[in-house]
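Engineer: The following block contains a protein sequence and its predicted model.
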Amino acid sequence: MSSEIVNVNALEILDSRGNPTIRVNVELASGVRASASVPSGASTGENEALELRDGDQARYGGKGVLQAVANVKERIAPKLIGRNAGDQEGIDRLLIDLDGTPTKANLGANAILGVSMAVARAAASDQGLPLYAYLGGAAAVRLPVPMMNILNGGKHADNSVDFQEFMVMPIGAPTFAKALQYGVETFHALKKILGKQGYATSVGDEGGFAPNLKSNEEACELIIGAIQAAGYVPGVDIALALDPAASSFYENGKYHLTKSGQGVKSSSEMTALYKTWAPKYYLVSLEDGLAENDWEGFREHTAALGYYLQIVGDDIFVTNTKFIARGIEEKTTNAVLIKLNQIGTVTETIEAIKLCRQAGWNYVISHRSGETEDTFLADFAVAMGGGQIKTGSACRSERIAKYNRLLEIEAELGDKAVFQNSFAAK
């Protein structure tokens, strides 16, 4: 009976953007106490699970989460008292049924996810296991390659760059610790280059620089220069990955590259643009290169680029098995971005990953632009063994917390630790 849940509580805290979010606390009969904090996204897919906000303009501009907190205390907690914390799937199904809506609009996906994560963490602690081992078992030994966002545009920055994230992937590193070193040194080299060229070195939501560049291409060129300045070989030691977040500049069936003044393009023209960029800028991964509702464009996009690029779907799939299943059937992409708060429970997130595995697709465990110091994501990435993680730049403590946790996990695993030292898109 030591793993029996005896208390579930919650409070409103702040995320990395200074906006309210929810932290859930779970206590077991054994005396174990665990908490989990829920992140929040800015670039969100229209089919994501609903993040419940109060809408009271007198508090935090309407972004308060006191109702989500109340839902945990008054509606969820009474249903969980006495339940075995080790029954993750049973508890998550209970939460889903209690909400009763497809998008978790009743209780709020933020309330539900906070409980789901806290229960998992409590159960792991109760069994004397690190979270990654509890969720992933003995096979949880693979450290992920970081997709480090070092230059921001789009909704993540107020500049003249249309594309949202320009990332470096240390594909040639022998260990996670070395991969982190490669990325950090490139980040600092980029800062020096930007400063010398008179660009601002302020950072966006995920810690990447947000200079007012002349074009999207210049962003890639500066990063290539930074890789070289840090002493690494582009395409060998470090490759590039992009997340244009194309839904943010998609309107009436066309892609409007208005921030950079590069005109209006069709789906096929965007694909053609990426095709020229791939060899020129050492691209290995392209996420949300088209808009979330451009299913036909995505199919042609993947057919044209997917044999040498990882084509990642985020907004189009929103970590939802219904959309991922359609994508697999239609060959929409060849990889999926996985975000816990897009779907709302640990169990449903794992189910989405299982679907990717069955199809032979890659999957990338991802943070959100509004994060907290919670390191659940780091353990989850190792537990799921996908070999890739997005958790921001080498800047801002809510991002660094995840990297530092991964360093701890690699050290803890010792000789058992596995690191993917090369990248092969499917």
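Structural biologist: Structure received.

Engineer: any idea how far the residue nearest to Ala105 when sequence neighbours are not counted is from Gln67?
Structural biologist: Excluding the flanking residues, the one nearest Ala105 by CB to CB, 6 or more residues apart in numbering is Leu50, at 4.4 Å. Glycine gets a C-beta too; all of them are placed from N, C-alpha and C. Leu50 sits at a distance of 12 Å from Gln67 (criterion: CB to CB, to the nearest Å).

Engineer: any common contacting residues for the two?
Structural biologist: Gly108 (CB atoms under 8 Å, 6 or more residues apart in numbering).

Engineer: follow-up on the earlier one: isn't the residue nearest to Ala105 right next to Ile112, touching?
Structural biologist: No. Counting by CB atoms under 8 Å, Leu50 does not reach Ile112; the two are 10.0 Å apart.

Engineer: show me the contacts for the residue nearest the centre of the chain.
Structural biologist: By CA atoms, centre = their mean, the chain has its centre lying nearest to Ser366, at 1.7 Å. Ser366 sits next to 314, 337-339, 377, 389-391 when contact means CB under 8 Å, 6+ apart.

Engineer: Relative to Arg121, which of these is nearest.
Structural biologist: Leu377 (12.1 Å; CB to CB).

Engineer: could you say which helix or strand contains the closest one?
Structural biologist: Per DSSP states H and E, Leu377 falls inside helix 376-384.

Engineer: next one: Lys192
Structural biologist: helix 176-196.

Engineer: Show residues contacting that helix.
Structural biologist: 143-146, 148, 150-151, 168, 170, 172-173, 200-201, 209, 211, 222-223, 225-227, 229-232, 237-238, 393-395, 403, 406-407, 410, 417, 419.

Engineer: what's the angle between the helix holding Leu377 and helix 176-196?
Structural biologist: In terms of direction (axes from the mean of the first three to the mean of the last three CA atoms, to 10 degrees), helix 376-384 departs from helix 176-196 by 130 degrees.

Engineer: packing partners for the following helix or strand past helix 376-384?
Structural biologist: Using DSSP H and E, the helix or strand that follows helix 376-384 towards the C-terminus is strand 388-390. The contact analysis (3 or more CB pairs under 8 Å, 6 or more residues apart in numbering; DSSP states H and E) places strand 388-390 against strand 145-146, strand 362-366, helix 376-384.

Engineer: could those go into TSV alongside mean pLDDT and distance to Val32?
Structural biologist: Supplementary listing: the helices and strands packed on strand 388-390 in TSV, determined by pLDDT from 0 to 100; distance: least, CB to CB, whole Å:
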stretch	mean pLDDT	distance to Val32
strand 145-146	97	31
strand 362-366	97	25
helix 376-384	98	16
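
Engineer: closest to Asn71 out of the ones you listed?
Structural biologist: The nearest among these, by CB to CB, is helix 376-384 at 20.3 Å.

Engineer: Give me the distance from the closest one to the chain's centre.
Structural biologist: Relative to its parent chain, helix 376-384 has a centroid offset of 11 Å by CA atoms, centre = their mean, to the nearest Å.

Engineer: helix/strand/coil for Ile91?
Structural biologist: helix (DSSP: H, G, I helix; E, B strand; the rest coil).

Engineer: Repeat that for Lys354.
Structural biologist: helix.

Engineer: quick one: it from Ile227, how far?
Structural biologist: 35 Å.

Engineer: thinking Tyr199 is in contact with Leu213, fair?
Structural biologist: Yes. Here Tyr199 reaches Leu213: they are 7.2 Å apart, a contact under CB under 8 Å.

Engineer: So for these two, which sits in the more crowded spot?
Structural biologist: Leu213 (22 against 19; other CB atoms under 10 Å).

Engineer: quick revisit: nearest to Gly82, out of the helices and strands packed on strand 388-390?
Structural biologist: helix 376-384 (24.6 Å).

Engineer: Which other helices and strands does that closest one contact?
Structural biologist: So helix 376-384, by 3+ CB pairs under 8 Å, 6+ apart, packs with helix 109-126, helix 131-136, helix 340-343, helix 346-359, strand 362-366, strand 388-390, helix 397-413.

Engineer: Cheers, nothing more for now.
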